[in-house]
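Q: sequence? don't have it. structure:
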């Protein structure tokens, strides 16, 4: 892994044995982690492309191996016994995805309540083929005045790459187009879904 240690102001968590297991598993499977984390206490990790359930497991392994404290969104229906306590313990936030405006407000409030906060999400909002990405993450970044760090999961290179952080000015439609271009050459797990 070529990514440096997380800067001091970034939210981190000690994962103990999970940290060691995750590092070994990623290495054993041939995955590398490259790029830089911003020296910021709050930001969004926008992971793309998202075409497979494997994306979640690769992301969790990266989170454990880097010892990052990342919150992530999940549809409320999966937050039930027996996995609810596990999902919540590792940073899961249950959301009602039928109300997109409510989700943005909910996360902006989380940002305000916390001195340090990393939100990990998939801008596409689905593993299925989609022509348009959700824009909620751009609105969260704008309202919270925090950067977005694009993170690509390239299954051909087996590389997790943290790109340079992006600040949102408010021209959401244009910024979404520019943001999507960052991932243009990234090979998804299921390229036909991109």
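A: Cool, got the structure. Bear in mind that the values here come from a model prediction, so they are computed numbers and not experimental data.

Q: Tell me how far the most centrally placed residue in the chain lies from residue 155.
A: Nearest to the mean C-alpha position of the chain, by Cα atoms, centre = their mean, lies residue 120 at 2.7 Å. Using Cβ to Cβ, to the nearest Å, residue 120 is found at 18 Å from residue 155. Glycine gets a C-beta too; all of them are placed from N, C-alpha and C.

Q: same check, this time on residue 116
A: 31 Å.

Q: before we move on, what about residue 56?
A: Taken as Cβ to Cβ, the span from residue 56 to residue 155 is 14 Å.

Q: Residue 175 too?
A: 26 Å.

Q: in terms of contact, does residue 88 touch residue 79 like I think?
A: Yes - at 7.2 Å, residue 88 counts as touching residue 79 under the criterion of Cβ atoms under 8 Å.

Q: the more surrounded of the two?
A: residue 79 (16 against 13; other Cβ atoms under 10 Å).

Q: Tell me which helix or strand the residue nearest to the centre of the chain sits in.
A: Here residue 120, judged by DSSP states H and E, is contained in strand 117-121.

Q: just checking, what packs against whichever helix or strand comes after that strand?
A: As assigned by DSSP H and E, the chain's next helix or strand after strand 117-121 is helix 136-144. Secondary-structure packing of helix 136-144 (3 or more Cβ pairs under 8 Å, 6 or more residues apart in numbering; DSSP states H and E): strand 42-48, helix 100-113, strand 117-121, strand 148-154, helix 172-181.
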